[in-house]
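> Any chance you can model this:
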Amino acid sequence: MWLPAFSMRACECLADFLKPNGELLPLQSEIGEYFFFNITTITDALNTKTSDCDFWCEPPTTAVGIDHFEFHKKQLTGLSIFRIRECPVMTIVTNHFVDVVEKEGLNGFEFTKIWPFRPGTIWQIEGRRRRRGKRALAGKSLKKETLVLILEMQGDQLDSHEKRIVKRMENEVDAQLSLSSLNAPYFGTYEGSEKVDTEFRMFFSCPSADQLERKLAPWISGICQIWLGSVNAVKRRGHMYDENAKESWKQLR
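A predicted model of the protein is given here:
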């Protein structure tokens, strides 16, 4: 955080950290009640001898860049959110602050670790590496399993009745899976469809095929009432293209 601003809920959840370390200033906003946090706690905890700081002034005061941080551990005792003189625009928080943000499920925060690292480690490069790893892991977990709806057609092509139903389904499915808020649970994504012989197949990627099936159950039930052929659900314990994924079939109609 360079210029920290907090929602009313965040201010309430983090009050024990914010009140002793600065002042909250109301912001004009059309989407809610937000406050800019002016941090007044400034510390000399940075060990400038072992940190990698780029100073352009003499004596060295404000650094134009810090590639590696080292702190005097004892001087961090009791701190939670603060600034350092060598980089006064940077907002630094401790692990305890991060833990409360995550415990309360507060949105809009992005934390990057700056210390401790091995000597010579550049925190910006390490931060990018960790973010790439998290994104890759998140992508895998969101597409960990697959749900396939298989609708039996009356022939090898969709007839006019089936086309109307399929069009309706594909118009409705995104609404079924849309997130009502940032805190709403993610169930899955509709990936597309294909026709194989006399089957029309709809593919969904998801973290859990069981949870997605339960989420879509009322919607699927309505489709079963108007679809003439059989309807089956296939739950694959793997991503869409995992040839070794275990499958389980369930007849819905």
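> Quick check: next helix or strand after the worst-scoring helix or strand of the chain on mean pLDDT?
Least confident helix or strand of the chain, by mean pLDDT, DSSP states H and E, is helix 123-142 with a mean of 73. Remark: after helix 123-142, the chain's next helix or strand is strand 145-152, criterion DSSP states H and E.
> List the pairing partners of that next one within its sheet, with orientation.
strand 199-206 (antiparallel), strand 231-236 (antiparallel) (DSSP bridges).
> Any buried residues in that strand, and which?
145-152 (16 or more other Cβ atoms under 10 Å). Where C-beta positions appear, they are placed from N, C-alpha and C, glycine not excepted.
> What of stretch 57-74?
Result for stretch 57-74 [16+ other Cβ under 10 Å]: buried residues 63, 66, 68-71.
> quick one: which helix or strand includes residue 154?
Here residue 154, judged by DSSP H and E, is contained in no helix and no strand.
> Kindly report the same for the one 4 residues further on.
When elements are assigned from DSSP H and E, residue 158 belongs to no helix and no strand.
> Endpoint to endpoint, stretch 54-71 covers what distance?
16 Å (Cα to Cα, to the nearest Å).
> Pull the residues that contact that stretch.
The contact list for stretch 54-71 (Cβ atoms under 8 Å, 6 or more residues apart in numbering) reads 45-48, 50-53, 85-88, 114-117, 119-124.
> Go through the helix or strand harbouring residue 210 and flag the buried ones.
Assigned by DSSP H and E, residue 210 falls within helix 209-226. Using 16+ other Cβ under 10 Å as the test for burial, helix 209-226 gives 209, 211-213, 215-216, 220, 223.
> try stretch 24-32
Neighbour-count burial for stretch 24-32 flags residue 24 (criterion: 16+ other Cβ under 10 Å).
> ok, now how distant is residue 172 from residue 202?
Plainly put, residue 172 is 12 Å away from residue 202 if you go by Cβ to Cβ, to the nearest Å.
> Next, work out how far apart the residue lying closest to residue 76 once chain neighbours are set aside and residue 232 are.
Computed as Cβ to Cβ, 6 or more residues apart in numbering, the closest residue to residue 76 that is not its neighbour in sequence is residue 45, at 5.4 Å. With distances taken as Cβ to Cβ, residue 45 is found 62 Å from residue 232.
> Please, where are all the helices along the protein?
Taking DSSP state H as the criterion, the chain carries its helices at 8-13, 15-18, 95-104, 123-142, 160-177, 209-226.
> what's the least confident stretch among those helices?
Looking at those, the lowest mean pLDDT belongs to helix 123-142 (a mean of 73).
> Now residue 93: closest residue in space, sequence neighbours ignored.
What sits nearest to residue 93 in space, not counting adjacent residues and going by Cβ to Cβ, 6+ apart, is residue 81, at 4.9 Å.
> check contacts around the one you found.
4, 17-18, 21-22, 37, 39, 41, 91-94, 97 are the contacts of residue 81 under Cβ under 8 Å, 6+ apart.
> try 6 Å
Contacts for residue 81 (Cβ atoms under 6 Å, 6 or more residues apart in numbering) come out as 17, 21, 93, 97.
> Pull the number of nearby residues for the first one.
Taking other Cβ atoms under 10 Å as the criterion, the count of residues near residue 17 is 20.
> Same question for the third one.
Neighbouring residues of residue 93 were enumerated by other Cβ under 10 Å; the total is 20.
> Check the second one too.
Residues lying near residue 21 (other Cβ under 10 Å) number 20.
> how near is it to residue 46?
17 Å.
> now the third one
Using Cβ to Cβ, we find residue 93 at a distance of 15 Å from residue 46.
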